[in-house]
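S.K.: fold the following for me, if possible:
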Amino acid sequence: MSMSDITMQSDTAEQSVLGSILLDNDSMSKVRAVISAGDFANRDHAAIFTAMRSLIDDGHPADTTTVLDKLGAAGRLDYLEALAQSVPSASNVVRYSEIVREHAVARMVLDGISNPMGRSVAQVIDIASRRLARSTDSGHVRALSYVFADDLPDADEDFDDELVEGVLGKNTMSVLYGASNSGKTFAAIDLGAAVAHGSSWLGRRCTSGLVIYLATEAAASVEMRLKAYQRHHDLRVPGFVIVQSPVNLFDGQADVTAVLALINKIEIERCEKVALIVGDTLARIAAGANENAGEDMTMVLRNADAIRSATGATFLWIHHSGKDAARGMRGWSGVQAAVDTEIECTGDESKCLHTLEITKQRDLPGKGSRLTFRLQPITLGRNHWGTPRASCVIEAVAPESDHARAILRANDNTHAEQVVREGFALLVAQGITPSDKPNSSDYLPRQLLDKGIAKGHDRDALRGAMGRLMTAGIFARGVVGTYPNRHVREGLVLAEGCAK
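M.R.: Numbering: from 1, shown residues only. From the prediction side, this is the model:
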């Protein structure tokens with residue numbers, strides 16, 4: 001067989017592969033399991049395949065019109081229509097792909113033969129045939145994907161790679177970690193609900209999609225928190241799936257297969273793709289593994305990455321801080337290197353505040369960004385003694401930002417603002433709840449005047465100062481205690497970074 005024979009036969013098989021995908025976009029997954037764009041001998045076919053893959057990965061149909069639009073000036077409608085008519089169905093697409101792959105291997109073997117001794121063409125082909133036979137006998141040769149730098153487009157891109165704006169990328173591996181009771185699981189559940197519902201999360205826009213929550217650590221607790229979320233927001237979140245069965249990604253491949261089978265089943269039932277998978281927690285889903293051993297954790301991460309790669313979803317781990325919180329996550333340092341995004345969650349009990357800080361961002365902007373929230377209790381019922389039982393939801397808190405400081409600097413009456421802030425601190429020190437009406441700009445100034453703390457100051461000036469402080473996000477609503485009947489008591493609290 002000559003190189004021209006291989007190329008001619010490959011061209012026919014390549015046309016059949018492309019025609020099958022045009023007839024049935026679902027066949028792309030079968031094709032990608034066998035070949036990649038680099039296996040196509042015809043560069044035009046490789047470009048068409050790449051355009052189809054990009055469209056399908058983005059959730060768009062790959063037909064003659066959309067592929068032509070994707071190819072731009074390089075596309076030909078008549079050729080695409082001919083491809084679509086080149087096969088009666090996509091039922092043989094796997095065999096077509098295998099032929100393309102076999103010919104790609106044959107070309108690689110022929111290309112790898114030098115001829116320093118002036119061998120005849122027949123001798124060269126004979127050597128190539130024996131090499132091809134050896135490569136076939138040894139099993140499937142994996143094709144490595146590649147691209148030439150000068151083939152990269154130079155035009156501005158329309159980026160569509162963010163799941164949560166400035167926080168999580170699509171189809172990435174990420175980790176959200178923190179100490180126990182830092183609020184990390186509440187934050188992860190709220191993030192997942194925002195993605196499933198297609199709403200914003202802590203002020204960041206989200207791409208909607210199904211969410212699979214692997215609740216291996218405490219499924220009942222996750223269910224309680226979702227009930228609180230739905231009750232508080234007065235809505236249902238149908239796209240949020242809580243996996244109650246424990247999952248182990250260290251103990252072989254069985255649970256990788258089980259997770260993928262479940263995702264496939266749910267995607268078919270809901271006619272929607274999974275966008276986010278949450279693994280809660282890394283320690284429980286890696287049961288039996290040594291968290292400090294690279295060999296063990298590499299296996300766990302590889303299995304999680306296989307799930308991510310097969311589904312195109314973002315995989316978000318929930319993990320714990322180490323004994324020394326300043327050194328980051330617990331366990332093997334390679335976990336931090338392996339993820340695209342790392343988020344640290346910390347809690348300040350004195351202020352009833354929790355902060356998420358993006359400590360690593362591989363490709364997206366936003367490293368160093370901080371998102372602040374507080375936990376809002378939501379009563380879900382009572383125990384058999386009649387005591388209320390509750391879970392929590394998160395509520396965003398705006399820290400004292402540069403914008404907030406600008407609002408304060410723009411006003412001349414800074415002395416009144418100082419009186420309000422210092423008076424607030426004095427009430428707290430005396431054990432007095434600063435305002436049971438946290439949304440009112442009048443109540444705290446009245447408390448300060450009634451108790452003689454702001455004696456001699458103009459009430460309207462104090463009210464104006466209070467309004468500016470609330471607008472700047474320095475004061476906010478928060479939980480300050482409980483009443484004798486154990487119902488939550490709310491009042492004013494200082495936002496993150498505003499205690500000074």
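S.K.: where does pLDDT dip in the stretch 301-450 of the chain?
M.R.: 350-351, 398-415, 428-441 (pLDDT under 70).
S.K.: mind listing the strands for it?
M.R.: 314-320, 341-348, 353-361, 370-382, 388-397 (DSSP state E, counting those that start in this stretch).
S.K.: give the buried residues for stretch 13-26.
M.R.: Buried residues in stretch 13-26, counted by 16 or more other Cβ atoms under 10 Å: 13-23, 25. (Each C-beta comes from the backbone N, C-alpha and C, glycine too.)
S.K.: residue 81 sits in which helix or strand?
M.R.: Using DSSP states H and E, the element containing residue 81 is helix 77-84.
S.K.: restricting to C-alpha, output that helix in CSV.
M.R.: The C-alpha coordinates for helix 77-84 follow below in CSV (Å, rounded to 0.1, in the frame of the first residue of the first chain):
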residue,chain,number,x,y,z
LEU,A,77,-22.1,24.8,1.7
ASP,A,78,-22.2,22.4,-1.3
TYR,A,79,-19.4,20.3,0.2
LEU,A,80,-21.1,20.2,3.6
GLU,A,81,-24.4,19.1,2.0
ALA,A,82,-22.6,16.4,0.1
LEU,A,83,-21.0,15.1,3.3
ALA,A,84,-24.5,14.9,4.9
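S.K.: helices or strands next to that helix in the packing?
M.R.: helix 3-23, helix 64-71 (3 or more Cβ pairs under 8 Å, 6 or more residues apart in numbering; DSSP states H and E).
S.K.: lowest-confidence stretch among those?
M.R.: Note on the helices and strands packed on helix 77-84: helix 3-23 shows the lowest mean pLDDT, a mean of 75.
S.K.: so what touches the helix or strand following that one?
M.R.: Of the helices and strands lying after helix 3-23 in sequence (DSSP H and E), the nearest is helix 28-32. Contact with helix 28-32 is made by 17, 20-21, 52-53, 56, 62, 93-94, 97, as judged by Cβ atoms under 8 Å, 6 or more residues apart in numbering.
S.K.: which parts of helix 28-32 are buried?
M.R.: Here helix 28-32 shows 28, 30-32 as buried, counting by 16+ other Cβ under 10 Å.
S.K.: what do you get for stretch 240-251?
M.R.: Neighbour counts using 16+ other Cβ under 10 Å place 240-243, 247-250 of stretch 240-251 among the buried residues.
S.K.: follow-up on the earlier one: got JSON lines for the strands of the stretch 301-450 of the chain, with mean neighbour count and distance to residue 84 too?
M.R.: Shown next, in JSON lines, are the strands of the stretch 301-450 of the chain (neighbours: other Cβ atoms under 10 Å; distance: least, Cβ to Cβ, whole Å):
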{"stretch": "strand 314-320", "mean neighbour count": "25", "distance to residue 84": "33"}
{"stretch": "strand 341-348", "mean neighbour count": "21", "distance to residue 84": "40"}
{"stretch": "strand 353-361", "mean neighbour count": "21", "distance to residue 84": "42"}
{"stretch": "strand 370-382", "mean neighbour count": "18", "distance to residue 84": "48"}
{"stretch": "strand 388-397", "mean neighbour count": "19", "distance to residue 84": "50"}
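S.K.: let me know the angle separating the helix holding residue 81 from helix 64-71.
M.R.: 120 degrees (axes from the mean of the first three to the mean of the last three Cα atoms, to 10 degrees).
S.K.: enumerate every residue touching the closest residue to residue 368 other than its chain neighbours.
M.R.: Residue nearest to residue 368 in three dimensions, not counting chain neighbours: residue 358, with 6.5 Å by Cβ to Cβ, 6 or more residues apart in numbering. Contact analysis of residue 358 by Cβ under 8 Å, 6+ apart lists 166-167, 341-343, 366-370.
S.K.: returning to what we had before: between the buried residues of stretch 240-251, which is nearest residue 151?
M.R.: The nearest member of these to residue 151, counting by Cβ to Cβ, is residue 249 at 36.3 Å.
S.K.: rewinding a little: mind putting the strands of the stretch 301-450 of the chain in TSV, distance to residue 101 included?
M.R.: Shown next, in TSV, are the strands of the stretch 301-450 of the chain (distance: least, Cβ to Cβ, whole Å):
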stretch	distance to residue 101
strand 314-320	29
strand 341-348	35
strand 353-361	37
strand 370-382	47
strand 388-397	50
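S.K.: looking at these, which is nearest to residue 220?
M.R.: When the strands of the stretch 301-450 of the chain are compared by Cβ to Cβ, strand 388-397 sits nearest residue 220, at 10.9 Å.
S.K.: show me what that closest one is packed against.
M.R.: helix 184-197, helix 219-233, strand 370-382.
S.K.: strands paired with that strand, and their directions?
M.R.: strand 370-382 (antiparallel) (DSSP bridges).
S.K.: what's the angle from the strand it pairs with to strand 353-361?
M.R.: Going by the same axes, to 10 degrees, strand 370-382 makes 130 degrees with strand 353-361.
S.K.: give the buried residues for stretch 296-315.
M.R.: 296-297, 299-301, 303-304, 306-308, 311-315.
S.K.: among those residues, which two are most distant?
M.R.: 296 and 312 (26.7 Å).
S.K.: now stretch 87-95, how far from the centre of its chain.
M.R.: 35 Å (Cα atoms, centre = their mean, to the nearest Å).
S.K.: how about that stretch: buried residues?
M.R.: 87, 90, 92-93.
S.K.: tell me the mean pLDDT for that stretch?
M.R.: On average, stretch 87-95 scores 86.
S.K.: show me the domain layout of this structure.
M.R.: The chain breaks down into these domains under automatic domain parsing: 3-150, 162-396, 398-494.
S.K.: give me phi/psi at residue 169?
M.R.: Main-chain dihedrals, residue 169, degrees, to the nearest 10: phi -90, psi 160.
S.K.: distance of it from residue 59?
M.R.: Going from residue 169 to residue 59 by Cβ to Cβ, to the nearest Å gives 16 Å.
S.K.: neighbour-wise, which of these two wins?
M.R.: residue 169 (20 against 11; other Cβ atoms under 10 Å).
S.K.: partners of the more buried one in the sheet?
M.R.: Residues in beta-bridge contact with residue 169 (DSSP bridges): residue 162.
S.K.: what residues are up against it?
M.R.: Residue 169 touches 161-163, 314, 340-341, 362-364, counting by Cβ under 8 Å, 6+ apart.
S.K.: residue 384 too?
M.R.: Contact analysis of residue 384 by Cβ under 8 Å, 6+ apart lists nothing.
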